[in-house]
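Q: Turn this into a structure:
(one chain, ligands or ions: 1)
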Amino acid sequence: MPSSAELHERRSAVVARGVSSMIPSYVSSASGGTMTDVDGREWVDFAAGIAVTNVGNAAPRVVEAVRAQVERFTHTCFMIAPYEQYVAVCEELAALTPGDFEKRSALFNSGAEAVENAVKIARHATGRPAIVVFDHAYHGRTNLTLALTAKVMPYKQGFGPFAGEIYRVSMSYPLRDGRSGPQAAAYAIGQIEKMVGGANVAAVLIEPVQGEGGFVVPAEGFLPAIAAWTKAAGAVFIADEIQTGFCRTGSWFASEHEGLEPDLITTAKGIAGGLPLAAVTGRAEIMDSVHPGGLGGTYGGNPIACAAALASIETMRELDLAAAARRIEAVARPRLEALAAKHPSIAEVRGRGAMLAVEVVIPGEDDAAGPVPDPVTTAAVAKTAHELGLLLLTCGTYGNVIRLLPPLIISDEELDRGLTLLEQAFSTTA
Ligand SMILES: *Cc1c(COP(=O)(O)O)cnc(C)c1O
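A: You can find the predicted model right below:
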């Protein structure tokens, strides 16, 4: 097997520079909470491929289902010749997503594609143009979803002009806005009413816990107030659960924590144990406002990806991975709180379930937006962690958040080892 150094050299000659990698090591295998590189090094996995391998890498049931499906047929295109696996995934989505009403789903390949289609559907159903999004939001990297995404570097820089009729309002960010949930919602709603106009709004699109934007958990009451306003305005409330979905936050969907029943939900990442699949699921009358042929794509709901999704969902149900996420929080949160008590550079520990983060700041310094972010220390901690053998992601508008996204099947021993490595990385860096 070629070494990482050799592979890096080959890569430099052929892979576009715009596609970058966090670590310089090339993977040879991964399972459970551990990844092994081609040079024989091992890593504790606190990334799960960005909240994708919730059921673990190469999860046994997923492997078996994929193998069986590959041998039967690999692709027909659901728009040409349909098959049961697609229908079965939509049945699961109807049953698992919050809301006891009739639902329909459409399947796609990536999160961005699901968000694009949710926007199409909401505009079609309402006959209105405007889409409301929030500060720090991340919804993908296609042109429309870049317009919905907040952060310029690295996502948007130089890639415009972007799609129109997108309006950004203030997010509830307890560490930085000093507002209660209802206050923050009133502020955002005021912005929408004055700058967009309720009658023009097709949809309000929000991540119930923000992902790339910094694992921001809105203050309690913010999401229900925004959802209630959206309903009263006759607009579509879309929850982007692409990162939060499929047991990540300790329930099937993060919307459940405050009893939300979104009109539409976008899912991807954790749905299929690593195979590319995404969905828009929602109220039948909204979804079915679209004429036959108005939605689709060559690969959307590919049978292998659907087989993997069904096996992943079965695994989540059987192993109760929502409970596993809560258990990960019960172990990790106290360790992170202790770390914060030791390092004044940690301004806050936050998150839900197995979606946890620490926000890193310059101790004792405040500016207009609260504690001054420290992206330099954040990057240094992550780099040290990588050198020590822990795969760790950063995030946040200010690049100053360290996030934990372990696979939900991570063993107690791996979780403990990973947290110890994180503590070491902070001790030697921050
Ligand atoms: C990752 C992500 C997306 C985009 O998904 P892709 O599969 O990368 O296109 C959209 N929304 C959220 C909340 C995400 O975390």
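
Q: So, low pLDDT: which residues of the chain?
A: Across the chain, nothing is flagged by pLDDT under 70.

Q: which residues does Ile313 contact?
A: Glu92, Leu96, Phe246, Ile271 (Cβ atoms under 8 Å, 6 or more residues apart in numbering). Using the backbone N, CA and C atoms, a C-beta is placed for each residue, glycine as well.

Q: and of those residues, the nearest to the ligand?
A: For the contacts of Ile313, the minimum distance to the ligand (Cβ to the nearest ligand atom) is 10.2 Å, reached by Ile271.

Q: Return the distance of that closest one relative to Leu107.
A: Relative to Leu107, Ile271 is positioned 9 Å away (Cβ to Cβ, to the nearest Å).

Q: residues touching whatever residue of the chain ends up closest to the ligand, list them.
A: The ligand sits closest to Gly111 of the chain, with a gap of 2.1 Å, by Cβ to the nearest ligand atom. Contact analysis of Gly111 by Cβ under 8 Å, 6+ apart lists His139, Gly140, Asp240, Ile242, Thr266, Ala268, Lys269, Ala278.

Q: Which secondary structure element is home to Gly282?
A: strand 278-283 (DSSP states H and E).

Q: In three-state terms, label the residue nearest in space to the middle of the chain for me.
A: For the chain, the residue nearest the mean C-alpha position is Gln243 (1.7 Å; Cα atoms, centre = their mean). With DSSP: H, G, I helix; E, B strand; the rest coil as the basis, Gln243 sits in coil.

Q: That one reaches Ala354, doesn't it?
A: No - counting by Cβ atoms under 8 Å, Gln243 does not reach Ala354; the two are 11.4 Å apart.

Q: Let me see the ranges of the helices in the stretch 251-400 of the chain.
A: 284-287, 303-318, 321-342, 375-388 (DSSP state H, counting those that start in this stretch).

Q: Adding distance to the ligand, write those helices out as a markdown table.
A: Output for the helices of the stretch 251-400 of the chain, formatted as a markdown table (distance: least, Cβ to the nearest ligand atom, whole Å):
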| stretch | distance to the ligand |
| --- | --- |
| helix 284-287 | 19 |
| helix 303-318 | 12 |
| helix 321-342 | 16 |
| helix 375-388 | 18 |
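
Q: of all those helices, which gets the most neighbours per residue?
A: Ranked by mean neighbour count under mean count of other Cβ atoms under 10 Å, those are led by helix 303-318, which reaches a mean of 23.

Q: roughly how far is that one from the heart of the chain?
A: The chain centroid and the centroid of helix 303-318 are separated by 18 Å under Cα atoms, centre = their mean, to the nearest Å.

Q: Use 889 as the first number from now on
A: Done: numbering now begins at 889, and the last item shifts to helix 1191-1206.

Q: Next, the buried residues of the biggest strand by length in the chain.
A: Counting residues, the longest strand in the chain under DSSP state E turns out to be strand 1243-1255. Buried positions in strand 1243-1255, judged by neighbour count with 16 or more other Cβ atoms under 10 Å: Met1243, Leu1244, Ala1245, Val1246, Glu1247, Val1248, Val1249, Ile1250.

Q: Let me have those in CSV, adding distance to Gly1099 as columns.
A: Output for the buried residues of strand 1243-1255, formatted as CSV (distance: Cβ to Cβ, whole Å):
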residue, distance to Gly1099
Met1243, 8
Leu1244, 13
Ala1245, 10
Val1246, 15
Glu1247, 14
Val1248, 18
Val1249, 20
Ile1250, 24
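
Q: What separation do you get for the closest residue to Gly1109 other than its chain neighbours and Val1097?
A: Distance criterion Cβ to Cβ, 6 or more residues apart in numbering; nearest residue to Gly1109, sequence neighbours excluded, is Gly1069 at 3.1 Å. For Gly1069, the distance to Val1097 (Cβ to Cβ) stands at 13 Å.

Q: ok so, going back, list phi and psi for the residue nearest to the centre of the chain.
A: When read as degrees, to the nearest 10, the backbone of Gln1131 gives phi -90, psi -30.

Q: where's it relative to Gln1098, distance?
A: Going from Gln1131 to Gln1098 by Cβ to Cβ gives 8 Å.

Q: Show me which positions of stretch 948-960 end up buried.
A: By 16+ other Cβ under 10 Å, the buried positions in stretch 948-960 come out as Arg949, Val950, Ala953, Val954, Gln957.

Q: just to revisit the earlier point, overlap in contacts of Gly1069 and Val1097?
A: Going by Cβ under 8 Å, 6+ apart, residues that sit against Gly1069 and also against Val1097 are Pro1106.

Q: Show me which of these two is the more surrounded one.
A: Neighbour comparison, Gly1069 and Val1097: the larger count goes to Val1097, with 26 against 19 (by other Cβ atoms under 10 Å).

Q: which residues touch the more buried one?
A: Contacts of Val1097 (Cβ under 8 Å, 6+ apart): Phe1103, Val1104, Val1105, Pro1106, Gln1131, Thr1132, Thr1137, Ala1142, Gly1239, Arg1240, Met1243.

Q: ok so, going back, turn the contacts of Ile1201 into JSON lines, columns for secondary structure and distance to Glu990.
A: Listed next are the contacts of Ile1201 as JSON lines, based on DSSP: H, G, I helix; E, B strand; the rest coil; distance: Cβ to Cβ, whole Å:
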{"residue": "Glu980", "secondary structure": "helix", "distance to Glu990": "15"}
{"residue": "Leu984", "secondary structure": "helix", "distance to Glu990": "15"}
{"residue": "Phe1134", "secondary structure": "coil", "distance to Glu990": "22"}
{"residue": "Ile1159", "secondary structure": "helix", "distance to Glu990": "21"}
